[in-house]
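A.B. asks: Predicted model and sequence below, questions to follow.
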Amino acid sequence: MDQKQSPSSWHTQSVAEVRQQLDSHDRGLTAAEAAERLAQYGPNELGAANARPWWRRLLAQFQNVLIYVLLVAALVTALLGHWLDTSVILAVVLLQAVVGIVQEGKAEQALAAIRHMLAPKATVMRNGERQRIEASELVPGDVLLLEAGDRVPADVRLEQLHGLKIDEALLTGESVPVDKLTDAQPGDAPLAERFNMAYSGTLVNVGTARGVVVATGEQTEIGRISGLLSGVVTLQTPLLEQMNRFAKYLSLIIVVIGALVFLAGWMFSERPLNELFMAVVALTVSAIPEGLPAILTITMAIGVRRMASRQAVVRRMPVIETLGAVSVICSDKTGTLTRNEMMVAALLLDRNIYPVSGEGYAVEGRIGDEQTGEPAPLLLGHMAQAALLCNDAELQRQGETVKVIGDPMEGALSVLAAKAGLDATSYTAEWPRRDEIPFDADKRYMATLNHDHHGQAVALLKGAPERVMALCNSALDAQGAPVPLDPADWQKHIDELAGQGLRVLALARKPTVAGQHELDGDALGDDFQLIGVVGLLDPPRQEAMEAIAECHRAGIRVKMITGDHAMTARAIAARLGLRHTERVATGHELDSLDDTQLMQLAQDVDVFARTSPEHKLRLVQALQSVHGVVAMTGDGVNDAPALKRADVGISMGVKGSEAAREASDIVLLDDNFASLAAAVREGRTVYTNLKKAISFLLPINGGEAASLIVALLIGLTLPITALQILWVNLVSSVVLAMGLAFEPAEPSVMEKPPRRTGESLLNSFLVWRIVLVSLLFLAGIFASFQWAVQTGYSTEIARTLAVNTLVAMEVFYLFAVRYLDSPSITLRGMLGTPAVWIVVLLVTALQMLFTYAGFMHTLFESAVLSLPLLLIPVAAGVAVLAVLELEKRMRNDDRTVFK
C-alpha cells in the first residue's frame, strides 16, 4: 500500500480496488494500523511556511546600488573626520530602508490560511466503532463518515451515500453544490466532474456519506494547491523595475563622473585632497535623488487611502502603480462576476418561456414581461406549490439580505414561490409533508407527499427533465388541465433554455388520495403530470457589467476563467458583455496545448471553462509572456496560485476564502467588481503623479550636480555644501513634491489605452525637460552665488543665497510641472489644489528657519540674509516659470518634435 502510487486516479477505481490498494475494511483501521500509517505518512496537515524574520527583510532593503553609493560617501566622510556629514548620510540610508520594508510575506500567509481551512475534527470507524478524532490524525485507509455541515478533512473515495451534495466552489469554482455518486469515473474527468470523490476543504451541503480516505496532508488536492503557491514567484511592479534600472545607470554615471572630477581636480587644481574628497562627496550626494523613494511611497500611500475609501484594501503598496498598466483582467466567475446566488431566470410552462426578473435571493421580482405576458394563474400556482413543497431549503432574512439554508437551487425555487405570491410559513403549515424520497444522484429526482387539512393530497416531483418526463404521461395546459405529453416538443424548449446557459429542473405533480401516507421509490408510477421546467442561473452582477464596459473603454481586455460548464460560461459571458464569447476553451483543451500554442489561444479567447488551478496559473503566465500586465480576480482556494502569480491579484473580502485574500495584493471589502475599475483609475492617476514627481525632482539634482562640477573644473568655491544639498533634497524638494501626490485624476484618464510595459518613464520629452530645467537651475545657483561672492558677501551668505535661490526656483517649477503640456499661468494653474499651497507655505517657513535660526546656522553653515537679497531668489523663480511657459507654447506650436 502506498498513497503516492496514484495520487490523482482514485476516482477511476472501484470501491473494491481502492479498499484493496489501501488495505482498508468495513470495521475501519485498528489503533495499531492507524498509528503505523501516521508514522509513515505524517499528520494530516500542510507544511508550515518558512517566513523570513524581520531583520532579513530589513537587510534586503539595502540591496540597491544607490544605497551602496551613499554608504561609500558616508565611509569617506567618516575617514576624513566629518562626523556630522557621516551621521546625516547614514540617517538618510536608514530612513530609506525603514520606508522600504513593506513586504507582506504573501506566500507564507496564504499557506497558513489554507492550513486553517482543514477540519479540526473527523468522524471515523476505528476498531469497529464510530470515533471522533482530530483531523490531523487521519491516515490513508481510514473509513470516514460525513454529514451535512461537515468540512471534509481529507480526500475521500465515496462508497456509500444518501442524498449527498458537496459545495466545492472554493476548490473548483462550481457555483452549485455537486451531487455525488459512487460509480468509477473516467480517467480524464476534470476535478469538478469526479463525482465519486470528496475533497479536503470542501463543505458537505446536504446528505450523509461513508468513504475511504485516499490522501492526507500535502498529498490532497488542496495540498497540491499549497505546493503551487510555494512555487509561484511574485513579480516586481513595472515602475520598480524601471526604477531599479534607472538606479543602476545613475549609479554608474555618478561613479564615472565623480572619478573623472576627482582625477581632474587632483591633476589640474591645487585643492587639498581632503577638500577634494569632500567635494566629490557633495557631488555624489547632489546627483542622488534621495527623496525619490519617499515620494514614490507617499504617492502610492495616498492612492491606497483613496482606494480604501472605495472599499478596496491594498495589501502590497507598490502594486497600486501596476494597476495603471493593467492590460488584461482575468476574472473568476462565481461570486466575482456573478452573485453566487442561484435564481430562477426563466419558466417553461405550457411550452411557453417566461422570463423571471430579480436579483439573486431577493424575493422582489416579476414573472413574465410585456412581450410574453404573465403565466395563467392556476398553472403558475401549481408550479409555485411544487417549487415550495418539494424543497428542503429555508430562506432566512438577515437585515437587507436573504440567506439560504440548504441547497442554493432549492433556495432559488423558494424565491420563485415567493414571487408567485406564496408565503412559505403559512403554506407549508397548510400543506405539511407526509413522506419523501430524497434526491439521489442515481435517480436524479426528489419526491414528496403532502396533505392539506381538507382531505386533499398531492405527490410532487422535481429533478432532471429526462427523468421527470419518464414518470409523466401528461402535461398541464394553461388552465391547469392535463393534456397528452409530447416529450420531443418539450425537449426542444428545454434545449432552448439549456442553450442560454441555464440549469434546468422539471417539476411535476400527481393528485393522490388522502389516505396515502407513503411514497414507494420503486413504484412511483408513470402517471405524473408535468407542470413545467425552471431555468436557473447564478446571475451576473449589474455593477460587474458596468465595470467591464468601463474597462473596455479604457483598452483593458476582460477574460473569464471558471470551473463551470462551457455552455454556462458562454451564456454568463454574453450577459456580462464580454467580447469574443463565440468560443469557449475548456481545461481539457488547454491540457493538449504546449506553452507556445497556449500563448496564442490566451490572446484569442476570452472565456475559459472547466479549469483547474494549474490551468489558471498557466493562462496568467501565458498572457504575461506576451507582455501583458495581468490582474486576476478570484475568491476561492483554487484561485490562490494564479492570484499570487498575477501582476495584480484581487480577492473578494466577504465571500472570498482566507487563502485567496492572503495571496492577493488587493482585497475588495464589499465584493464589488465595480471597485476594480475605480482601482485602475486610481492606479493610472498614481502613475501620472509619479511621473510629475520624477520630472520635478531629477532636474533639481541635475542643477545641483552641474553647479558643483562647473565649480570644481574651473577651480571655484563650491556654491553649496553636501549637508546643504541633503537639506534641499530631503526637506524642501520632498515637501514640494508631496503636493504633486495629491493631484486629482485627469478627466480622460479612463479613455486612454494602458501604457506599454516597455514604456520608459524618461521618454524623449522628459529627458529634454530635465536637461532644460537642470540648466536653468545651474544658471540660478551659480549666478546667485558668484554675484554674492563678487559683491563682497561672505561664503556663508553666498551659499545661503544660492540655497534659497534653488528652493525658490523649485517652488515656481512646481506650478509649471503640474501641467507638463498645457499652460500653468492660468487661474486654475495658479490656484492649484489645497495641497500645493500647503506645501509651498510649509517650505517657505522651513527656508525662513534655515536662513534665520541660529542652530540651523551651526548645522548647515547658513547665514542671515537681508530682505533685499531675498528678491534675487524670487526673481530667479519667476524667470524659470516664464522660460518654461514659453517652451510649452513653442512645443505646442510644433508637437512633432517630441512625438
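C.D. replies: Yes, it's here.
A.B. asks: sec struct for the residue nearest to A498 when sequence neighbours are not counted, please.
C.D. replies: Leaving out its chain neighbours, the residue that sits closest to A498 by Cβ to Cβ, 6 or more residues apart in numbering is V504, at 5.7 Å. Using the backbone N, CA and C atoms, a C-beta is placed for each residue, glycine as well. With DSSP: H, G, I helix; E, B strand; the rest coil as the basis, V504 sits in strand.
A.B. asks: ok, V504 touching V534?
C.D. replies: Yes - between V504 and V534 there is a contact under Cβ atoms under 8 Å: 7.1 Å.
A.B. asks: The two - which one has more neighbours?
C.D. replies: Higher neighbour count among V504 and V534: V534, with 28 against 19, using other Cβ atoms under 10 Å.
A.B. asks: helices and strands around the strand or helix carrying that one, which ones?
C.D. replies: Take DSSP states H and E as the rule and V534 turns out to sit in strand 528-537. The contact analysis (3 or more Cβ pairs under 8 Å, 6 or more residues apart in numbering; DSSP states H and E) places strand 528-537 against strand 343-349, helix 377-389, helix 408-419, helix 465-470, strand 472-476, helix 487-499, strand 503-512, helix 566-576.
A.B. asks: What pairs with it, parallel or antiparallel?
C.D. replies: Using DSSP bridges, the strands paired with strand 528-537 are strand 343-349 (antiparallel), strand 472-476 (parallel), strand 503-512 (antiparallel).
A.B. asks: tell me the most buried of those?
C.D. replies: Highest mean neighbour count of the strands paired with strand 528-537: strand 343-349, a mean of 24 (counted as mean count of other Cβ atoms under 10 Å).
A.B. asks: and the residue most central in space within the chain, which of the three is it?
C.D. replies: With distances taken as Cα atoms, centre = their mean, the residue of the chain nearest its centroid is I650 (0.8 Å). Put simply, I650 is strand when judged by three-state DSSP.
A.B. asks: re earlier: residue contacts, the residue nearest to A498?
C.D. replies: In this structure, V504 makes contact with 464-465, 494, 497-498, 533-536, judged by Cβ atoms under 8 Å, 6 or more residues apart in numbering.
A.B. asks: give me the number of residues near T844?
C.D. replies: Neighbours of T844 (other Cβ under 10 Å): 14.
A.B. asks: brain fart, N340
C.D. replies: 21.
A.B. asks: right, and it touches P540 too?
C.D. replies: No - judged on Cβ under 8 Å, N340 makes no contact with P540 at a distance of 11.3 Å.
A.B. asks: re earlier: out of the strands paired with strand 528-537, which gets nearest to V178?
C.D. replies: Nearest to V178 among the strands paired with strand 528-537 is strand 503-512; the distance by Cβ to Cβ comes to 12.3 Å.
A.B. asks: quick check, distance from the closest one to the centre of its chain.
C.D. replies: Strand 503-512 sits 43 Å away from the centroid of its parent chain (Cα atoms, centre = their mean, to the nearest Å).
A.B. asks: quick revisit: for the helices and strands packed on strand 528-537, please prepare TSV with the additional fields distance to F277 and mean pLDDT.
C.D. replies: TSV is the format used below for the helices and strands packed on strand 528-537 (distance: least, Cβ to Cβ, whole Å; pLDDT from 0 to 100):
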stretch	distance to F277	mean pLDDT
strand 343-349	77	95
helix 377-389	88	96
helix 408-419	75	95
helix 465-470	89	94
strand 472-476	98	96
helix 487-499	81	92
strand 503-512	78	94
helix 566-576	66	88
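A.B. asks: re earlier: please report which of the contacts of V504 has the highest neighbour count.
C.D. replies: For the contacts of V504, neighbours tallied by other Cβ under 10 Å; top is V534, 28 neighbours.
A.B. asks: Contact partners for that one?
C.D. replies: 344, 346-348, 383, 387, 412-413, 416, 504-505, 507 are the contacts of V534 under Cβ under 8 Å, 6+ apart.
A.B. asks: Now for the residues you listed: which two are most distant?
C.D. replies: Pairwise distances across the contacts of V534 peak at 15.1 Å for L348 and A412 (criterion: Cβ to Cβ).
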